[in-house]
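Engineer: Requesting a structural model of the entry that follows:
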Amino acid sequence: MTSSQIGSGPTSALLSYLPAPTWIKNKRAIINVKNDNDQKCFVWSIISCLYPADQNTHPVQKYTRYEKTLNLDGLKFPLSVKDIPKFENQNDQIAIHCIAADKDRSFSILYLSPHAHERRHTITLLFYWIIRPSVEKNTTHT
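Structural biologist: Model prediction:
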């Protein structure tokens, strides 16, 4: 695993920034790129692994200059977990794993790349749950 990433999104997609739950943030093992103005959490998470910032790793401005290094042709954002294989097919040096941190602080596997042992970069993305008091349904975040 190259790195664990956090971003945000609806139940089946990687969307935009929301703060990580305290229990995850306190582990200091994630990068949560702060992309407030777009729905490309997936892109910024991948780029933050490929081109790590030396310090202050959270501003999206640290990564925007590298966006064209990825082949994003035909992908729609926010990216759905089911579209990760398409991303991998278009970016043949990158393998993606995706896990979810559940409300009860357990983890489940959403996607395991079949290419993990044959590609230069293997990146693990982390979805997490946020329950907003003003909203009755759960929202998943990556």
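Engineer: C-alpha from now on. contacts and neighbour counts both.
Structural biologist: Will do.
Engineer: List phi and psi for residue 87.
Structural biologist: According to degrees, to the nearest 10, the main-chain angles of residue 87 amount to phi -60, psi -50.
Engineer: what's the closest non-adjacent residue to it?
Structural biologist: If you skip the residues right next to it in sequence, residue 87 has residue 72 as its closest partner in space, 7.0 Å away by CA to CA, 6 or more residues apart in numbering.
Engineer: Give me the distance between the one you found and residue 110.
Structural biologist: Using CA to CA, to the nearest Å, one obtains 21 Å as the distance from residue 72 to residue 110.
Engineer: ok, now residue 20?
Structural biologist: Plainly put, residue 20 is 19 Å away from residue 110 if you go by CA to CA.
Engineer: Now do the same contact list for residue 62.
Structural biologist: Remark: with contacts taken as CA atoms under 8 Å, 6 or more residues apart in numbering, residue 62 is in contact with residue 53.
Engineer: brain fart, residue 70
Structural biologist: Taking CA under 8 Å, 6+ apart as the criterion, residue 70 is in contact with residue 91.
Engineer: go on, residue 112?
Structural biologist: When the contact criterion is CA under 8 Å, 6+ apart, the partners of residue 112 are 96-98.
Engineer: Sort out for me which of the residues you listed are in helices.
Structural biologist: The helices in this structure, assigned by DSSP state H, contain none of the contacts of residue 112.
Engineer: In strands only, show me these.
Structural biologist: Taking DSSP state E as the definition of strands, those contribute 96-98.
Engineer: out of the residues you listed, who has the most neighbours?
Structural biologist: Using other CA atoms under 10 Å as the neighbour test, the ones in strands among the contacts of residue 112 are led by residue 96, with 23 neighbours.
Engineer: Run through the bridge partners of that one.
Structural biologist: residue 123 (DSSP bridges).
Engineer: May I ask you to confirm that it is in contact with residue 123?
Structural biologist: Yes - the pair residue 96 / residue 123 is scored as a contact, 5.0 Å apart, by CA atoms under 8 Å.
Engineer: re the thing from before, who has more neighbours out of residue 20 and residue 110?
Structural biologist: More neighbours surround residue 20 than the other of residue 20 and residue 110, with 21 against 15 (other CA under 10 Å).
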